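# sequence first, then the predicted structure:
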Amino acid sequence: MKAIIIGLFLCVASVQLSNAQAKLPSAATTTATKEEQEILDLSKTKWTWMADKNVESLNGLFAENCVFVHMGGSWGKTQELNTIKGGFIWYKKADVYGASVNIFGNTAILLNDIDLLAVVGGNEVVHAFMVTEVYLKENGKWKMGSLTFSTLIRPVKMKTNIAPAAQPQH
């Protein structure tokens, strides 16, 4: 009887621990909750808006004090919108290979494993990134609070005629 109780306790504890694990883009596909799917869809739409240089829609998505971390520096909302509008960085295409969302109250952290085709300083480049997006729920609506590009050392998977940059350009 004692062994059965201990066995049941270990089963319950292992289920609790497995549910507490962070979701990662490389993990096997799991079913997203409605709220997680909302964030995944919002992120996907954001890549389209960035490719289309749709600064009006991005302005509505970015929180006023949103921060952006690029390979060449970090800045706020106004500079990011001006960078996109002016074509200093044109996020032409993002191929997303994996995405995950972890929600902590009114904060959601999304990870995107992507290859990004961009025009930076007039040069077309392609890089593999893990992009961290932080969303905050304000008045029932998700706003982006942060976007960070982290270079991955894996090879670029996107099919282009562009040789992957040897030096980070973004």
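Sure thing, it's come through. Numbers count the residues shown, from 1 in each chain.

# got the phi and psi for K77?
In terms of degrees, to the nearest 10, the main-chain angles of K77 are phi -60, psi -50.

# check the gap between it and S100 for me.
K77 sits 25 Å away from S100, taking Cβ to Cβ, to the nearest Å as the criterion. (C-beta placed from N, C-alpha, C; glycine too.)

# what is the subsequent helix or strand relative to the least confident helix or strand in the chain by mean pLDDT?
Lowest on mean pLDDT, DSSP states H and E among the helices and strands of the chain sits helix 2-19, with a mean of 59. Per DSSP states H and E, the first helix or strand lying C-terminal to helix 2-19 is helix 34-51.

# got the buried residues for that following helix?
Across helix 34-51, burial judged by 16 or more other Cβ atoms under 10 Å covers 36, 38-40, 42-43, 46-47, 49-51.

# nearest to G73, of those?
For these, the residue nearest G73 by Cβ to Cβ is M50; the value is 17.7 Å.

# that closest one contacts T83, doesn't it?
No. Using Cβ atoms under 8 Å, M50 makes no contact with T83, being 10.5 Å away.

# surely K44 meets V101?
No. Contact between K44 and V101 fails when scored by Cβ under 8 Å: they sit 11.8 Å apart.

# which parts of the helix or strand containing V126 are buried?
Using DSSP H and E, V126 maps to strand 123-138. Neighbour counts over strand 123-138 (16+ other Cβ under 10 Å) mark 125-131, 133-137 as buried.

# surely L147 is in a strand?
Yes. Checked against DSSP: H, G, I helix; E, B strand; the rest coil, L147 lies within a strand.

# so who does it touch?
Shown in contact with L147 (Cβ atoms under 8 Å, 6 or more residues apart in numbering): 66-69, 80, 131-134.
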